[in-house]
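> Give me a model of this one.
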Amino acid sequence: MVTQEQRKRQLAREKFLRQQQRRTNARRKARMRNSVIASVLGVVVIGSVALYTTGVLKNDDDKKADASSQTTPSAAPSAAKDPCEKPAAGSVKKLTWKKEPAVTIDKSAKYTMTLATTCGDIGIELKAKAAPHTVNSFSFLAGKGFFDHTKCHRLTTNGIYVLQCGDPTGSGSGGPGYTIPDENLKDAGLKANVYPAGTVAMANTGQAHTGGSQFFLVYQDSQLPPSYTPFGTLTADGMKVLKKIAAAGENTGAGDGAPNATVVIDKATVTKS
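Numbers count the residues shown, from 1 in each chain. This is a model prediction of the structure:
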């Protein structure tokens, strides 16, 4: 016969097991949610041969599979008029380095980056004090011509609203050969896990400190975990150009693909003032 004390212990065990099951389910859902976010914003990191694997923000095949599972593709993407001009003459240098450059920027100074693109100039006010490693890296790479003649290879129009650039291969799997630390993840502008329109932030693999050269420009408020270094803000004119690119749509009809606009960075310049 089961005593009252034994019954209490049995009920306690059952309650504990139920709690454990709920926690396990919650962790599983969190992992699934995070994997979706990483695939939607996946990016890059290179190891000795290729630290970059794309994903904002992973592999392009994974990205397409994830996108198709989250959205309903249209029967056929409509042909959109390309609002941009032909790229300037020249080719991508595809340079790599073994380690992050030493930080030499003046953290108290004002820095701006201008992306002279086929669609118009995109001005970005950089946050040198809050993200010195990131701004220093962009200053270094721009000075070496790393971004010149590179395509902005990805546009998302469903769930998150970003244009992704900075890959010399144009495939979503390229980078500079080194990674930089995450910075400024508690930026006052990131509220309720939203990257507001106008934010310029680093893409990564979903793991800490895996940013390289790929970055994204937010043209509409986007729900994302605060895991992507916000290092700049678009100027008003830069936002106009970005919205023109976004309005042309992407080429899959599923909300995640190459932009219909031919977005090529003819020249990237970082200026101290």
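
> any idea how far His153 lies from Ala236?
25 Å (Cβ to Cβ, to the nearest Å). Glycine gets a C-beta too; all of them are placed from N, C-alpha and C.

> quick one: which of the two has more around it?
Remark: of His153 and Ala236, His153 carries more neighbours, 23 against 8, as counted by other Cβ atoms under 10 Å.

> Which phi and psi values does that one adopt?
phi -90, psi -10 (degrees, to the nearest 10).

> give me the number of residues near the closest residue to it other than its chain neighbours?
Distance criterion Cβ to Cβ, 6 or more residues apart in numbering; nearest residue to His153, sequence neighbours excluded, is Gly170 at 5.0 Å. Gly170: 17 surrounding residues under other Cβ under 10 Å.

> which residues touch Gly170?
Gly170 makes contacts with Val92, Thr150, Lys151, His153, as judged by Cβ atoms under 8 Å, 6 or more residues apart in numbering.

> give me every residue that touches Phe231.
Counted by Cβ under 8 Å, 6+ apart, Phe231 has contacts 126-127, 130-131, 134-135, 138, 183-184, 200-202, 215.

> ok, now Pro168?
Applying Cβ under 8 Å, 6+ apart, the residues near Pro168 are Val92, Lys93, Lys94, Leu95, Phe146, Phe147, Thr150, Gly174, Gly175, Ser213.

> Report pLDDT for it.
Looking at Pro168, its pLDDT is 97.

> Could you report the separation of it from Ala246?
23 Å.

> do Val218 as well
Using Cβ to Cβ, we find Val218 at a distance of 10 Å from Ala246.

> Pull up the overlap in contacts between those two.
With Cβ under 8 Å, 6+ apart, Val218 and Ala246 have common neighbours Tyr161.

> Looking at those two, which has the bigger crowd around it?
Val218 (25 against 21).

> and the nearest residue in space to Ala246 that is not next to it in sequence, backbone torsions?
Closest residue to Ala246 in three dimensions, ignoring its sequence neighbours and counting by Cβ to Cβ, 6+ apart: Tyr219, at 4.7 Å. Per-residue torsions, Tyr219: phi -100, psi -10 (degrees, to the nearest 10).

> Determine the number of other residues adjacent to Tyr219.
Neighbours around Tyr219, by other Cβ under 10 Å: 24.

> wait, is Asp187 part of a helix?
No: applying DSSP: H, G, I helix; E, B strand; the rest coil, one finds Asp187 to be coil, outside a helix.

> From Ala131, how far out is it?
Applying Cβ to Cβ to Asp187 and Ala131 gives a distance of 9 Å.

> quick one: the strands in the chain?
111-117, 120-126, 150-151, 154-156, 162-165, 194-195, 199-202, 215-218, 222-223, 230-234, 256-257, 264-272 (DSSP state E).

> for the ones you listed, which one sits closest to Pro83?
Proximity to Pro83, assessed across the strands of the chain by Cβ to Cβ, is greatest for strand 120-126 (9.1 Å).
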